[in-house]
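Novice: how would this look folded up:
(4 chains, ligands or ions: 6)
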Amino acid sequence: MTFIKSTFRHPELPTNELGFTRQYYEGVLSTLCAGCGHDSISAAIVMAAFEANIEPHKVAKLSGIGCSSKTPAYFLVNSHGFNTVHGRMPSVATGANMANRDLQYIGISGDGDTASIGMGQFVHATRRNLNILYIVENNGCYGLTKGQDSATADRGSHSKKGAPSPYEGIDLCALALQLGATFVARSFSGDKHQLIPLIKAALKHKGFAFIDVISPCVTFNNNPGSTKGYEHVRDHLAATNTIDFVPERKELTTEYAEGSTQQVTLHDGSVMALHKVDKNYDVSNKSAVSMSLLDYSERGEILTGLLYHDEESQDLHQSLGTTDVPLNTLKESDLCPGGDALNKLNQGLR
Amino acid sequence: MTFIKSTFRHPELPTNELGFTRQYYEGVLSTLCAGCGHDSISAAIVMAAFEANIEPHKVAKLSGIGCSSKTPAYFLVNSHGFNTVHGRMPSVATGANMANRDLQYIGISGDGDTASIGMGQFVHATRRNLNILYIVENNGCYGLTKGQDSATADRGSHSKKGAPSPYEGIDLCALALQLGATFVARSFSGDKHQLIPLIKAALKHKGFAFIDVISPCVTFNNNPGSTKGYEHVRDHLAATNTIDFVPERKELTTEYAEGSTQQVTLHDGSVMALHKVDKNYDVSNKSAVSMSLLDYSERGEILTGLLYHDEESQDLHQSLGTTDVPLNTLKESDLCPGGDALNKLNQGLR
Amino acid sequence: MNNVTAVNDLVIRFANVNGTGSASANDLFAKSLFRMGLPVSPKNIFPSNIQGLPTWYEVRVSDKGYLGRRLNVDMMISVNPQSMEKDIKDVRSGGYFVYDNTKPLAQSWFRDDVTFIGLPLTRLCLENYSDPRQQQLFKNIIYVGALSALLDIEFDVITDIIKEKFASKEKLIPPNILALELGRDFAKANYACPSTLRVERRDMIGDKILIDGNSAAALGAVYAGATVAAWYPITPSTSCVDAFGAYCKQYREDAEDGKKNYAIVQAEDELAAIGMVVGAMWNGARAFTATSGPGVSLMSEFLGLAYYAEVPVVLFNIQRTGPSTGMPTRTQQSDVIACAYASHGDTKHVLLFPSTPKECFDMAAESFDLAEQLQTPVIMLSDLDLGMNDWISEPFAWDDQREYKRGKVLNAEQLDELTERWGRYNDTDGDGIPWRTIPGTHPTKGSYFTRGASRDEYAVYTEDSAAYKRNVDRLALKWETAKTLVLEAEFRLAATNTRIGLMYFGTTENAALEAADRLAADDVVVDLCRIRSFPFTAAIEEFVGEHDLVFVAEQNRDAQMRTLLINELEVPPQQLAAVLNYDGMPITAGNICEQVHEYFATNEKSAAG
Amino acid sequence: MNNVTAVNDLVIRFANVNGTGSASANDLFAKSLFRMGLPVSPKNIFPSNIQGLPTWYEVRVSDKGYLGRRLNVDMMISVNPQSMEKDIKDVRSGGYFVYDNTKPLAQSWFRDDVTFIGLPLTRLCLENYSDPRQQQLFKNIIYVGALSALLDIEFDVITDIIKEKFASKEKLIPPNILALELGRDFAKANYACPSTLRVERRDMIGDKILIDGNSAAALGAVYAGATVAAWYPITPSTSCVDAFGAYCKQYREDAEDGKKNYAIVQAEDELAAIGMVVGAMWNGARAFTATSGPGVSLMSEFLGLAYYAEVPVVLFNIQRTGPSTGMPTRTQQSDVIACAYASHGDTKHVLLFPSTPKECFDMAAESFDLAEQLQTPVIMLSDLDLGMNDWISEPFAWDDQREYKRGKVLNAEQLDELTERWGRYNDTDGDGIPWRTIPGTHPTKGSYFTRGASRDEYAVYTEDSAAYKRNVDRLALKWETAKTLVLEAEFRLAATNTRIGLMYFGTTENAALEAADRLAADDVVVDLCRIRSFPFTAAIEEFVGEHDLVFVAEQNRDAQMRTLLINELEVPPQQLAAVLNYDGMPITAGNICEQVHEYFATNEKSAAG
Ligand SMILES: Cc1ncc(C[n+]2csc(CCOP(=O)(O)OP(=O)(O)O)c2C)c(N)n1
Ligand SMILES: Cc1ncc(C[n+]2csc(CCOP(=O)(O)OP(=O)(O)O)c2C)c(N)n1
Ligand code: SF4
Ligand code: SF4
Ligand SMILES: [Mg+2]
Ligand SMILES: [Mg+2]
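Specialist: Ligands and ions are numbered 1, 2, ... in the order given. I've put the predicted structure just below:
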């Protein structure tokens, strides 16, 4: 359990343009493991929403199932939230969006929730250019069910069980890009300087805004080659089939300059190389982006930042030509053709 | 209904190395519409299996649901076949393959079956590098349910209903490539000179061999802008909700040289530009292939031929390290640890 | 030959090839009988492919008003060489076989007890039309012309329909009328017209309309204010969403800018389709999806979520023959249990069973009121027979005073006025139904976190056993409330007292009503009860209680409605006798009567033995 | 203070924090009682998160052999500050509260009627260990040491377990033993040892073993020759596939090259998992999947396919609390109907209900025989309580003479010898079960096309109504055959004659057996019947027939097994009285007795009134 909030409230807390304090954007207490990357992302969302002057009740938060999918409870307590079923958040978000085009939708998912069971829905929500901020809290494993490899785990990476993943990991950014996502970014849970502005930008984007956030699972993304991690603990108390001991960890953080590469050491001792796109990077050239993603991944580096942005895209409502007011505000008088029309229609059926 | 077979059998028909005639590779009579591209693909499979000296009973044919998915009945009558449920053929094929690594697996699917309901399973079968020849008979629509757009329909293309597809079409080859398919090809149902060799090559490939075959639906892939097509017929008998009239069509065929572009006029009068890769094309360079696909598609052309091939890949059995003999041939004595082992095990639980 | 002689009591079957333009001609035939004031019930019997396989269209005319299927084909119009041999066999003795005699019929196929009427359809077409498509299409119109003579259908009635139909494409009228005349004239010139089978004008239609159930359901959704439809194509439900689109285009688009007061999303599969409905309903729009068997199976996880998270959902299940893929183009009522208890865990869902297009319309509209009042899924179980065939139906009606029942939804003012802490899952009214809020309603009040996992009255996550139990007990209480809100059954009591009942639902009605008449003639008098909703109302319970023996007629193998009755009403199983039809074809009155008689024969025998 | 005094009849509960290393210590505690020849039933009560939330471990000791849950915590060992206030309340009056007194307890929490035993766990750890992890972990071992003194557990028994466990990591033995001694010595020095609660060695264990149901089921699958497992992680079924992997590693890997005689595929979801099983079984391997509620919902379309296409499938459903996500870490028996009738259309599935680890092993193995003999899905319904907790169980046994029953599969020779045309769906033996072939068997004979759509006896596609009906009628006949193949129920008749029965299945057994004893003491004598399979056998039908009133005890809200009994056996519902527990905690004998007494009270009252 992470106690990310202090209960102390300064009498003159800074407020945003709407007059709300940052605390107004918080959620209930997190029940995730201490140091879990997901909590850092929740904190970044709180900050981004605060800074972007979002009205919380104009936001709907949706998620699937998983540790990551629990997090919408941990930010924006004044927004309606919906913790749906595993892998199917995109469809629920699509329906919600159809009902009310004026709310801002934040979809939170995990790599299991999106890249395995939810792959079909992810692909199709992307393709429809649903107007949503879709965040995958990507830890390369199934946290909530105790550490199985997810489909984003890199080939050769070791899960809790110690067996290397035999399959190619799925690069969700590359996939989203190919399927027509109109805002594609990647970041790291510990890099709030990068993440908060990305979230703010994504919230402003009209269309499918995808952010793949690397978010270490401190409990299960464990490398047996490492001298750290709970492998050591296992030596002391032979593991049962319940995960018996989870050390308390500190949140991982990092900060690095645009255009530079940063090595981040994870809790399990493994090292991840992040490369931040620089100022001159062209976010509108789709095929160049694809190439860069491939290039960096071949070098073993992970490209972070805003990777692609198409500002002119048409979202699902525009594609369908729906009316400008939210459908859920239309009244009986707008919707029901009435008795006379029906009599006329009957006439044609005789 | 297409009568692709003559019942006349020449007494001295040519045989292949196994001593089988081509007829030995046929299936039951097709119930598809006359001129349906899918029937041409079945014929190509018959020819390829014949020429490649495949033993039919060493083949298992699997499919989902759709006009395309009916076709495994129309070739290789001596192979076991399985017409599963809509969109889930890849999983059934995976299980079958796990049970017997020695059979050759041919999976037949439609663009609806694969790119919509089956997207998740397609992605994951690809990623696991399942040893299978996976053919999508791609007509850009749902044939069996009467012509709705599929997810591979190009943006702006017109379905039976006349409404242009508002979404980006999914390029299954590009997707397969990105997900780690180790053999990726595209062809056209009418181009047997290209298609048969591709199928033969794919049958030889060990791993996920994907062929996206453009296969016009003569009944529903209808363009209202066209003066041909059944639009004209509709004028004569106002449409009911059953599709009332389907003109008999001839199979579309084409033949063109490597490195050249060929315009093919479809039954509805629309024109499709196919570009065949030439001899110097490098099938091992993944990122170059991705670029080419994008380039041609931006030019409105469809790149055909063998696009990518990785001969050194490891298939799912290799990844899992399963034994060399088919698991379904292991005997009780190979599998059951026996009573003594159990007594020993009991001992450890006291 | 001893020909069947009949007036207004006919079964005419057309044997065609899928995709050859016969459907419109056949519809024309049925509509002309309807216009002559005669009850008709046309049925498409079509294969699960698109072109080239045999397809049949069967029209029953009955001036007794029976709309169920009847066996014994009085006249077969066969233009399909593929099925001809079998079609000839299917004609009743004394019946007629009408066929294209441009090519001669195999001598061995002729039957002595059937009158063969050859029409040179192909030749007439070749002689009179030059366009090859017309040469194919007008064969069908020609046989309608011939039938007008053979059956004595008023010719003007037919030509009037043609004229209305092509009002906007006038040039098509003359060639169609020519085809009708060619057929009529040939028949008159070569055969005794009318034959021993005839129709005569009656005044039995009144203001009734002719329409299929799927269109009616779609229209009901439009009237109920559904703005979001999410679906995945599947036979036989597809035409329902198609019709919704067409009606929305007609009634819901802005005349000026074409902007739509609705959104239809073709989902990637059924899981996504119902997920979208859940999302839209949660967010305060009225939304629905339509599907069939396989889709229902795929939707079951989401149905469980909606039940537990208390999100309204409207689902139209147009049933087809199961299990698995079954026969997608044949009818059945076999998803009753799958829908009633869909999903794992303790779940129960509200079901509605329409049996006419009018009722498809009404119940479709009712589904939205019920789903929102009860905050739970409501599944309307139609079937292929009702959904895809045209039926004579009471005309649609809409009371302009009627108001949508949106259920317990708090708006911003109500939230401001609350004096006590609001709890999303707090049963403040004692009916098991809590008050909900729609996202975006109020800046600081009424937000909550919806989930399919255990929560307390205030929507706070908990794994407390007592809180869990309180919650599912409240859901059970809500189920009791549902019994008071769902539609009452329809009872038709016999004139004389009887201890025998006959229950049925949906499209089994037509056969059941006819069976009741026939049984009465055999001195088996039955009271009738048509179930219209699940859970069952108190009146249904009483009906069962008041009869010693109740036959339950339905179209599935496992007597699924009977199971629900036994289970939910705690009825001794012996009191309910199953009457079943499950071969994919609509149930007939004859079939019901046979099973009832068989029941008595067996039970008397066993009582005696 | 009036302390509870008890020997070998205790409930000890441990209150821990998820992920702090307590599980191993608690297991050590339970195992030491087991080694003292005492029946123990330990239960994990854990939250649906990974770290930081309260988790409990409850051990019941009963030398009467009762293994069901019992209320009234005699002693609470609380090392979780978060839940401490509530934990204190949960101790029975006269019980003991053991806690870490390194920090003082809030004065207001103390109770007069409970004995508080403070142990300076943190301090002792800090004083004796330097590694911070050990400082955390050994707290748990210290309290086990203290309990050995307080409850009079034989110290050697505990240290022996430690020694066995760390046989290969010997350096870990001394610090563990030190911790035990620290605890023991502190307790002895500061409190009366033993307390009024004690254990004493008995000889009630014999050759029994201690293991969880999921491991047992996995082992059964290994013994049954399952070579393919496909699954998707979900609590509480995950540990079953994990165990299968571990046993396969032990028994099924080539000593030389490490090649595997098995394949385990982590699927992308449950639809894929069961699809893989269908494919593998179709192709002649034995395969299975394991899942829980939401997975079963997702698998329902494929279950219908397998039923109809007649492909064997083995599915272990480790039930958790539904509906929807429900409570993933709590137990229930609420997927009975969802499994029995899974999928749309007319479908019925064979179910098995294990109630001990031994039976998980046996039934897992049996599932494969049944599935292959019947060519249909077989679902074993275990639950979280059985699957994830350790249970005392009869030892596993395997008769080396036993042969896998692979059902009616034709090999190449048999195909060659056939004199008549083989039909995949031809019922040549009159039992509804046709002969099948495995792909690759024969070059020219025995190939066929499997589908979920209508076919004739020769697997030829058809939409003929009669063929369809023949086929589903044969499936119904196969269901009758299944009744003769499934496992017989277990009956325990009371010594004296009685007209009252008590039925139950799975983990309800333990509470039911205890309840029967208690009821007998209250002069309510019941005959017992433990259902082990669905469909129900003739003997079950007789049992019901021979009793005027049968209580059906189960762990769900809607009395699902009772529904199946009424429906399938055509029993008057009034004859079956529901006894239900559905709050996510295992049912207790007390609960059953209460409901039985209540039933009589109500019914006598109403009889009187
Ligand atoms: C249908 C279904 N299958 C399986 C599960 C079990 N389950 C819960 S969370 C989860 C995986 C979560 O992984 P991910 O989305 O990566 O989230 P993380 O916990 O890693 O943040 C699974 C398999 C479920 N709840 N529902
Ligand atoms: C679960 C489920 N949903 C829907 C259907 C109905 N259905 C049958 S085929 C099909 C689409 C087929 O399209 P495609 O795969 O492109 O095949 P084609 O007919 O175009 O060759 C659909 C939606 C079904 N059989 N099962
Ligand atoms: S298990 Fe992993 S993902 Fe889940 S809360 Fe703990 S650290 Fe985070
Ligand atoms: S509908 Fe289209 S895809 Fe289907 S058989 Fe006919 S032409 Fe082929
Ligand atoms: Mg994850
Ligand atoms: Mg298609």
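Novice: which residues touch the residue in the stretch 51-200 of chain A that ligand 2 sits nearest to?
Specialist: Nearest residue of the stretch 51-200 of chain A to ligand 2: residue A:120, at 12.5 Å (C-beta to the nearest ligand atom). Where C-beta positions appear, they are placed from N, C-alpha and C, glycine not excepted. By C-beta atoms under 8 Å, 6 or more residues apart in numbering or on different chains, the contact set of residue A:120 is B:116, B:117, B:118, B:119, B:120, C:268, C:269, C:272.
Novice: Could you report the neighbour count for the third one?
Specialist: The criterion is other C-beta atoms under 10 Å in any protein chain shown. On that basis, residue B:118 has 29 neighbouring residues.
Novice: Next, format the contacts of residue A:120 as CSV and append secondary structure, pLDDT and distance to ligand 3.
Specialist: Below are the contacts of residue A:120 laid out as CSV (DSSP: H, G, I helix; E, B strand; the rest coil; pLDDT from 0 to 100; distance: C-beta to the nearest ligand atom, whole Å):
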residue, secondary structure, pLDDT, distance to ligand 3
B:116, coil, 98, 31
B:117, coil, 98, 30
B:118, coil, 98, 30
B:119, helix, 98, 26
B:120, helix, 98, 22
C:268, coil, 98, 28
C:269, coil, 98, 28
C:272, helix, 98, 26
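Novice: Residue A:85 - nearest residue in space that isn't next to it in sequence?
Specialist: In space, and not counting its chain neighbours, residue A:85 is closest to residue C:305: 5.3 Å by C-beta to C-beta, 6 or more residues apart in numbering or on different chains.
Novice: Count the neighbours of that neighbour for me.
Specialist: Per other C-beta under 10 Å, the neighbour tally for residue C:305 reads 33.
Novice: Mind checking what secondary structure it has?
Specialist: Secondary structure assignment for residue C:305 (DSSP: H, G, I helix; E, B strand; the rest coil): helix.
Novice: who touches it in this structure?
Specialist: Taking C-beta under 8 Å, 6+ apart as the criterion, residue C:305 is in contact with A:84, A:85, C:278, C:311, C:343, C:452, D:324, D:325.
Novice: hmm, try it at 6 Å
Specialist: A:85, C:452, D:324 (C-beta atoms under 6 Å, 6 or more residues apart in numbering or on different chains).
Novice: Can you find the helix or strand in the chain with the smallest mean pLDDT?
Specialist: In the absence of a named chain, this looks at chain A. helix A:231-236 (a mean of 30; mean pLDDT, DSSP states H and E).
Novice: was after chain C, sorry
Specialist: helix C:589-608 (a mean of 87).
Novice: Residues in contact with the biggest strand by length in chain A: which ones?
Specialist: If you go by DSSP state E, chain A has its longest strand at strand A:301-309. With C-beta under 6 Å, 6+ apart as the test, strand A:301-309 has contacts from A:173, A:177, A:183-187, A:273-277, A:283, A:289, A:293, A:296.
Novice: Find the closest residue to ligand 5 in the stretch 201-350 of chain A.
Specialist: Taking C-beta to the ion as the measure, the stretch 201-350 of chain A has residue A:217 as its residue closest to ligand 5, at 6.5 Å.
Novice: count of neighbours near that residue?
Specialist: Neighbour count of residue A:217, defined by other C-beta under 10 Å: 32.
Novice: For it, which residues are in contact?
Specialist: Here residue A:217 is in contact with A:139, A:141, A:143 (criterion: C-beta under 6 Å, 6+ apart).
Novice: Could I get the residues you listed in TSV, plus columns for distance to residue A:318 and neighbour count?
Specialist: Shown next, in TSV, are the contacts of residue A:217 (distance: C-beta to C-beta, whole Å; neighbours: other C-beta atoms under 10 Å in any protein chain shown):
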residue	distance to residue A:318	neighbour count
A:139	35	30
A:141	38	28
A:143	37	32
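Novice: need the residues you listed in CSV with pLDDT, can you?
Specialist: Shown next, in CSV, are those (pLDDT from 0 to 100):
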residue, pLDDT
A:139, 93
A:141, 93
A:143, 93
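Novice: So what does residue C:383 look like in phi/psi?
Specialist: With angles defined as degrees, to the nearest 10, residue C:383 sits at phi -150, psi 170.
Novice: should've said residue A:184
Specialist: According to degrees, to the nearest 10, residue A:184 has phi -130, psi 120.
Novice: State the distance from it to residue A:126.
Specialist: Between residue A:184 and residue A:126 the computed distance is 10 Å (C-beta to C-beta, to the nearest Å).
Novice: ok, now residue A:198?
Specialist: For residue A:198, the distance to residue A:126 equals 17 Å [C-beta to C-beta].
Novice: Give me the nearest residue to the one residue in the stretch 501-609 of chain C that gets nearest to ligand 5, chain neighbours excluded.
Specialist: In the stretch 501-609 of chain C, the residue that lies nearest ligand 5 is residue C:534 (40.5 Å; C-beta to the ion). Closest residue to residue C:534 apart from its sequence neighbours, by C-beta to C-beta, 6+ apart: residue C:351 at 3.9 Å.
Novice: burial measure for the residue of the stretch 501-609 of chain C closest to ligand 5, as a count.
Specialist: 26.
Novice: in the stretch 251-350 of chain A, what spans have low per-residue confidence?
Specialist: A:252, A:266-270 (pLDDT under 70).
Novice: How about the contacts made by residue 45?
Specialist: This is for chain A. When contacts are counted by C-beta under 6 Å, 6+ apart, residue A:45 touches residue A:75.
Novice: I was after chain C.
Specialist: Residue C:45 touches residue C:56, counting by C-beta under 6 Å, 6+ apart.
Novice: and it, what are its bridge partners?
Specialist: residue C:56 (DSSP bridges).
Novice: which non-adjacent residue is nearest residue C:600?
Specialist: That would be residue C:524: by C-beta to C-beta, 6+ apart, it lies 7.5 Å from residue C:600.
Novice: Next, the one you found: secondary structure please.
Specialist: Note that with three-state DSSP, the state of residue C:524 is coil.
Novice: Report pLDDT for it.
Specialist: Predicted confidence (pLDDT) for residue C:524: 97.
Novice: Give the burial count for it, as a bare number.
Specialist: Residues near residue C:524, counting by other C-beta under 10 Å: 19.
Novice: Against residue C:489, how distant is it?
Specialist: In terms of C-beta to C-beta, residue C:524 sits 21 Å off from residue C:489.
Novice: same thing with residue A:182?
Specialist: Counting by C-beta to C-beta - residue A:182 and residue C:489 are separated by 53 Å.
Novice: before we move on, what about residue C:52?
Specialist: Distance from residue C:52 to residue C:489, by C-beta to C-beta: 44 Å.
Novice: same question, residue C:398
Specialist: Counting by C-beta to C-beta, the gap from residue C:398 to residue C:489 is 23 Å.
Novice: could you pull out the helices for the stretch 51-200 of chain A?
Specialist: Listed in chain order, the helices of the stretch 51-200 of chain A (DSSP state H, counting those that start in this stretch) span A:67-70, A:89-99, A:111-115, A:119-127, A:172-178, A:192-204.
Novice: ok, is the fifth one in contact with ligand 1 or not?
Specialist: No. With C-beta under 6 Å from any ligand atom as the measure, helix A:172-178 is seen stopping short of ligand 1, the closest distance being 11.5 Å.
Novice: related to what we said a few turns ago, switch the contacts of residue C:305 over to a markdown table; also include distance to residue B:253.
Specialist: Compiled in a markdown table, the contacts of residue C:305 are given as follows (distance: C-beta to C-beta, whole Å):
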| residue | distance to residue B:253 |
| --- | --- |
| A:85 | 48 |
| C:452 | 54 |
| D:324 | 54 |
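Novice: So which bits of chain C are right by ligand 4?
Specialist: Near ligand 4, when you scan chain C using C-beta under 6 Å from any ligand atom, you find C:50, C:51.
Novice: Check chain C and tell me which residue is nearest its centre.
Specialist: Of all residues in chain C, the one closest to the mean position by C-alpha atoms, centre = their mean is residue C:386, 2.4 Å from it.
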